[in-house]
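Asks: can you look at this prediction? I've put the sequence above it.
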Amino acid sequence: MKPENAIEVRDVRKNFKVYYDKGHMLRERVISFYRNKYEKREVLKGISFDIAKGETVGLIGKNGCGKSTTLKLLTKILRPNGGS
């Protein structure tokens, strides 16, 4: 880490499992054939940036582009699948 940087993000990747069938009742969840089938979605694909000490930064973008996920990774609420 460079001494002039407060935050360094290098090639961070994050993916989630999205399940096909989410039964609403317990019976539907137990007997559903697709209950364990899921799709792996990569939501952050190798982002990198530096934030210098004393610098102010804002994250802007469309819905679903990864702003909240990036902040959760920076605050260690979530763990990345790759990168540092």
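Replies: Received, thanks.
Asks: where along the protein do the strands fall?
Replies: Along the chain, counting by DSSP state E, strands occupy 5-19, 38-52.
Asks: to L73, which of those lies closest?
Replies: Minimum separation from L73 across the strands of the chain (CB to CB) falls at strand 5-19, 6.3 Å. The C-beta positions use only the backbone N, C-alpha and C, and glycine is treated the same way.
Asks: I'd say E42 and K17 touch.
Replies: No - using CB atoms under 8 Å, E42 is not in contact with K17; the gap is 11.3 Å.
Asks: neighbour-wise, which of these two wins?
Replies: E42 (12 against 8; other CB atoms under 10 Å).
Asks: next one, pLDDT for the more buried one please.
Replies: E42 is assigned a pLDDT of 90 by the prediction.
Asks: what does stretch 6-17 contact?
Replies: 1-2, 38-55, 66, 69-70, 73-74, 78, 80-84 (CB atoms under 8 Å, 6 or more residues apart in numbering).
Asks: just the buried residues of those.
Replies: L44, I47, G66, T69, T70, L73, L78, P80 (16 or more other CB atoms under 10 Å).
Asks: quick check, pLDDT for the closest residue to G46 other than its chain neighbours.
Replies: Closest residue to G46 apart from its sequence neighbours, by CB to CB, 6 or more residues apart in numbering: D11 at 4.8 Å. What the model reports for D11 is a pLDDT of 93.
Asks: can you check F16 too?
Replies: If you check F16, the pLDDT there is 89.
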